[in-house]
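Student: Any chance you could fold what I've pasted below:
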Amino acid sequence: MTARFILSLDCEGKWGVADHLTPGDHAALSDDRLRRAYADILAALAEFDIPATFAFVGTFSLPADGLAAMRPALADLARELPGYLEPALEDMASGTGEGWTGDWAVEAVDAARQAHEIGLHGATHMPWTWPGMTRELARRELGLLFDAKAPILSRTTTYIFPRNAGDHHDLLDDFGIAGLRATRAFPGRLASLASEFNIFERPEGVPPAAKPLSIPAGWFVNWMSGGRRLVPPALSRLRARRLLERAARTGEVVHYWTHPENIASAPATLGVLRGILAEVARLRDAGRCEVLTQDGWCRRVDPAHVAASEARRDGLLAR
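Tutor: Here you go, the predicted structure:
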């Protein structure tokens, strides 16, 4: 048996914290710090020769002129769903203006030696569980990205719900999204932190059949910020090693995920990620671990569904 490993990165810029921006966020998520974090991640992935899924918030993936063209539609959406987008629009208009466009990050991922996947992490990062978010407004929010024909959509097959807060899964199928990263629920932040000390967890099996296809939820790469700094990096690496060793015996899945923004705001997090990648590379080189992207997982599970989804997505973009 061999383990199967997936690494996904939720690529957000400032969109991930648009509803609660602080002066600290503006400092930590400056263009310079974001560029450094993405470069460091890509360098680590190149060192260990590991491909990953980079799932971009659609608005973050756009160049400055593309985002500027979308701003009137975003302002209309903000009026109907208040509380999330207004700080972003205000900062773009009269604030720092940094951290909102990441087309350079998409280009860097494309230029990497590894065949990384470009996925989607929501249109604006507004969760579909946001107060007042109806099914039709969710369709409209994602539709804004298709109306703008955002370049990343032409190759996007998998999706990650913003804040892992999912609803209206079937809408993703309507838009030609083939796969969706499942979510792992914790009763609160304390329980989530406590789980970092559990070195006896089991890897994940193949989720039940669903459309979009369900990708195993995975584990968070510990963010070395706040109380999470209490978790020793060596313990995080041990946890990953035990998960991978067990998966190598059972053929199950180990999926880790993080945000490049977590490394921009807490650079020590890169060391945690590197420790996990080292364990993956060790097992892979021993022939005991297969590395997949989210797209690769979906194509392994149901290639016909992926092909049909791509055709549906391309039809929408051709309108």
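
Student: May I have the residues that are in contact with A88?
Tutor: By CB atoms under 8 Å, 6 or more residues apart in numbering, the contact set of A88 is 14-15, 18, 74, 100. In this view, the C-beta of every residue, glycine as well, is placed from N, C-alpha and C.

Student: mind listing which of these are in helices?
Tutor: Counting by DSSP state H, the contacts of A88 place L74 in helices.

Student: With respect to L172, which of the contacts of A88 is nearest?
Tutor: The shortest approach to L172 among these belongs to W15, at 18.7 Å (CB to CB).

Student: That closest one against G102, yeah?
Tutor: No. With contact defined as CB atoms under 8 Å, W15 does not reach G102; the gap is 9.2 Å.

Student: Show the buried residues in the contacts of A88.
Tutor: Among those, those scoring as buried are 14-15, 18, 74, 100 (criterion: 16 or more other CB atoms under 10 Å).

Student: Those residues into a markdown table, with extra columns for distance to A165 and pLDDT?
Tutor: What follows is those, written out as a markdown table (distance: CB to CB, whole Å; pLDDT from 0 to 100):
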| residue | distance to A165 | pLDDT |
| --- | --- | --- |
| K14 | 18 | 98 |
| W15 | 15 | 98 |
| A18 | 15 | 97 |
| L74 | 20 | 98 |
| W100 | 22 | 98 |
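
Student: what about F54, which helix or strand?
Tutor: Per DSSP states H and E, F54 falls inside strand 53-56.

Student: which secondary structure elements does that strand contact?
Tutor: Applying 3 or more CB pairs under 8 Å, 6 or more residues apart in numbering; DSSP states H and E, one finds that strand 53-56 contacts strand 3-11, helix 103-111, strand 117-120, strand 158-159, helix 294-301.

Student: That strand pairs with which strands?
Tutor: strand 3-11 (parallel), strand 117-120 (parallel) (DSSP bridges).

Student: tell me the mean pLDDT over the helix or strand following that strand?
Tutor: Downstream of strand 53-56, the first helix or strand assigned by DSSP H and E is helix 58-61. What helix 58-61 shows for mean pLDDT is 98.

Student: who touches helix 58-61?
Tutor: 11-13, 15, 67, 70, 74, 100-103, 105-106, 120-125, 145, 150-153.

Student: Quick one: buried ones out of those residues?
Tutor: 11-13, 15, 67, 70, 74, 100-103, 105-106, 120-125, 145, 150-153.

Student: Point out where this protein drops to low pLDDT.
Tutor: In the predicted model of the chain, residues 186-187 satisfy pLDDT under 70.

Student: the helices in it, which residues?
Tutor: 23-28, 31-48, 58-61, 64-80, 86-94, 103-111, 135-147, 169-174, 189-195, 233-250, 260-265, 269-285, 294-301, 303-317.

Student: Just give me how far the shortest one sits from the chain centre.
Tutor: A distance of 12 Å separates the centroid of the chain from that of helix 58-61, by CA atoms, centre = their mean, to the nearest Å.

Student: isn't P207 right up against P216?
Tutor: Yes. Between P207 and P216 there is a contact at 6.2 Å, judged by CB under 8 Å.

Student: Which one's more surrounded, these two?
Tutor: Neighbour count, other CB atoms under 10 Å: between P207 and P216, P216 has more, with 21 against 15.

Student: re earlier: which of the helices and strands packed on strand 53-56 sits closest to R189?
Tutor: strand 3-11 (17.5 Å).

Student: so how far is that closest one off the chain centroid?
Tutor: The chain centroid and the centroid of strand 3-11 are separated by 9 Å under CA atoms, centre = their mean.
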